[in-house]
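> Provided below are the primary sequence and the corresponding predicted coordinates.
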Amino acid sequence: MMKGPGERNCTCRKDYMGDGMTCKSNVMQELRNRELTSFFYSVLWSDAYFLQGRGPYTVFAPNNKALKKAEYQKPENKESNAALVLYHIVSCRILMPEDLMQPRNLTTLSGETLTISYWEGSIYINNKAKVVYSDQESNNGIFHEIDTVLIPPSFQKLNGMNKSASLPDLKDVANEHGFKTFFKLLEDTEVMERVQDRLHQPVTLFLPTDSTMAALPQEQKDFLFGLQNRAQLKEYLEYHVLHDMKMQSAEMIHFSSMKTLQGSDVSVSCVGEDKIGELYISDKSCRIVKRNLKFNGGLVYGIDCLLTPPSLGGRCDQKDTVDITMPCRYCAVTVSSDCPSISKPKSIQRCDLPRCFSSVNAGCQSVCTMVIWKPKCCSGYYGRDCLE
């Protein structure tokens, strides 16, 4: 192509993008090009290689001076370093400087929140760290250089962990983070055996919080916890398990679907402008509220709903009881129970024996009670399959 005097035509190589003057690689490479070496090596130690991947990501990168400040407490182990790094990364959006000039909250990859403010011509994070430089957009995101390290709320606890400590088991994670109710259901079924089976590990679990389980309608609890509905409960539980994968929060949005142990698919996606960085499951009504909780068999994510397998729909089948009156017999005949095996004895009442010469009410008959379930959809679910 012809060029005039003083003009040049720049073409970026594969996997780079440019503005006609400068070519940009991925965010991870651009951190290195900016010589933000201290934070770059923290990223490497945390295994955050996803910053070379698809994105989009917005990274708030502390400069080398920030990591040399006297008040900065260095990570003592890999877990606290990973929490620190993830707290500086927001997925789902490339936030340009102009996007940060209005007050807003951002959810980081650690699941914890950053507060953005703007005053006197400068952008501040958590009212403490100042943006001193903003890079151009790269092929998977952007970074903003900041003058202070951001410390996540979870840092101190993680930093106090013994470097040689082994990962907790699932029960410890459930007790500490509030998943006791759902964990007990896993324990009461063979689903726990499959979760702990090394053949299926590592696993990724979406566990409803105790408050979520407590808030379920009583009719749905009755259905789920009824012994006669164990097959359906098993499907519910297995729908919360991804087997043979340890899915990081930065990666799961790039999968259009993920196969659960139950057999149906789930997906994770971002939402709109008012909740940047938050992740939702499937229909965007179920929010991931806790992230990256490691245990010795994989990863746990806390969610604020009970996921409903498509094969079941939102079922709240209603329990009812029916009395069955058995045939009249001689009262002198001793029987432990003539009720059917699917029922329980309720009472014995007098009856007329089918003989013309017998006196009135000379016989006895058992009254048995049987539990039946009437098909019913939970509130907000409709049709034969109780779908939304």
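Sure thing, it's come through. Numbering: from 1, shown residues only.

> and G383, how many neighbours?
Applying other CB atoms under 10 Å, we find 9 residues neighbouring G383. (C-beta placed from N, C-alpha, C; glycine too.)

> now it: how far from P375?
Taken as CB to CB, to the nearest Å, the spacing of G383 relative to P375 amounts to 11 Å.

> could you verify that Q29 is part of a strand?
No: when the secondary structure is assigned by DSSP: H, G, I helix; E, B strand; the rest coil, Q29 falls in helix instead of a strand.

> now what about the strand ranked longest in the chain, what contacts it?
Once the chain is assigned using DSSP state E, the strand that runs over the most residues is strand 363-374. Taking contacts as CB atoms under 8 Å, 6 or more residues apart in numbering, the residues outside strand 363-374 that touch it are 223, 226, 228-229, 317-331, 337-340, 342-353.

> out of these, which are buried?
Applying a neighbour-count criterion of 16 or more other CB atoms under 10 Å, the buried members of these are F223, N229, D317, M326, C328, R329, C339, S343, K346, C351, L353.

> tell me the contacts of the fifth one?
When contacts are counted by CB under 8 Å, 6+ apart, C328 touches C351, D352, L353, P354, G363, C364, Q365.

> check contacts around the second one.
Under the criterion of CB under 8 Å, 6+ apart, the neighbours of D352 are C328, S358, V360, N361, A362, G363.

> any idea which of those residues the model trusts least?
Within these, S358 has the lowest pLDDT, namely 61.

> how much space is there between N292 and Q196?
For N292 relative to Q196 (CB to CB), the value is 20 Å.

> go on, Q232?
In terms of CB to CB, Q232 sits 22 Å off from Q196.

> how about V149?
Taking CB to CB, one finds V149 at 38 Å from Q196.

> so N292 and Q196 - more neighbours on which side?
Set N292 next to Q196 and count neighbours by other CB under 10 Å: N292 wins out with 18 against 15.

> thinking that one is in contact with A250, fair?
No: the criterion here is CB atoms under 8 Å, and N292 misses it with A250 at 9.7 Å.

> any common contacting residues for the two?
Counting by CB under 8 Å, 6+ apart, the residues touching both N292 and A250 are L109.

> any idea what T260 is bridged to?
Beta-bridge pairing of T260 under DSSP bridges involves L242.

> ok, it - contacts?
Counting by CB under 8 Å, 6+ apart, T260 has contacts E238, Y239, H240, V241, L242, H243, V266.

> ok, those residues vs L67, which is closest?
Comparing those against L67 with CB to CB places L242 closest, at 35.7 Å.

> count the neighbours of that closest one for me.
For L242, using other CB under 10 Å, the count is 23.

> make 397 the starting number, not 1.
That works, and once the first residue is 397, the last one we named lands at L638.

> show the end-to-end separation of stretch 692-706, please.
30 Å (CA to CA, to the nearest Å).

> make that stretch 489-504, sorry
Start-to-end span of stretch 489-504 (CA to CA) is 11 Å.

> in it, which residues are buried?
Under the neighbour-count criterion of 16+ other CB under 10 Å, stretch 489-504 has R489, I490, L491, D495, L496, R500, L502, T503, T504 buried.

> residue contacts, the last one?
When you say that, I think you mean T504. Under the criterion of CB under 8 Å, 6+ apart, the neighbours of T504 are L482, Y483, H484, I485, V486, L510, P548, G673.

> just those residues: which are in strands?
Using DSSP E to define strands, the subset of the contacts of T504 located there is I485, V486, L510.

> so the first one makes contact with V455?
Yes: assessed by CB under 8 Å, I485 is found in contact with V455 at 5.3 Å.

> tell me the one of the contacts of T504 nearest D415?
The closest of those to D415 turns out to be V486 (CB to CB; 23.2 Å).

> is K630 part of a helix or strand, or is it coil?
Using three-state DSSP, the secondary structure recorded for K630 is helix.

> sorry, wrong one. I was asking about R428.
Assigned by three-state DSSP, the conformation of R428 is helix.

> OK, contacts around it?
For R428, the contacting residues are F436, by CB under 8 Å, 6+ apart.

> from S534, how far off is it?
The gap separating R428 from S534 is 12 Å, by CB to CB.

> before we move on, what about S513?
Between S513 and S534 the distance, using CB to CB, works out to 25 Å.

> equivalent analysis for N757, please.
According to CB to CB, N757 and S534 sit 92 Å apart.

> of the two, who's got more company?
Remark: of N757 and S534, S534 carries more neighbours, 27 against 13, as counted by other CB under 10 Å.

> what sits against the more buried one?
Listed by CB under 8 Å, 6+ apart, the contact partners of S534 are M413, K420, S421, N422, V423, Q425, E426.

> how about the strands in the stretch 597-746 of the chain?
With DSSP state E, counting those that start in this stretch applied, the stretch 597-746 of the chain shows strands at 599-604, 637-638, 654-655, 661-662, 664-666, 675-677, 682-691, 694-699, 714-721, 725-726, 740-747, listed in chain order.

> with just CA atoms, put the longest one into CSV.
This file holds the C-alpha atoms of strand 682-691, laid out as CSV (Å, rounded to 0.1, in the frame of the first residue of the first chain):
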residue,chain,number,x,y,z
CYS,A,682,-28.2,-17.8,41.1
ARG,A,683,-25.1,-15.9,42.3
ILE,A,684,-21.8,-17.3,43.3
VAL,A,685,-21.2,-15.8,46.7
LYS,A,686,-18.0,-17.6,47.8
ARG,A,687,-15.1,-18.6,45.6
ASN,A,688,-12.0,-20.8,45.3
LEU,A,689,-12.5,-22.7,48.6
LYS,A,690,-9.9,-25.5,48.3
PHE,A,691,-10.3,-28.9,49.9
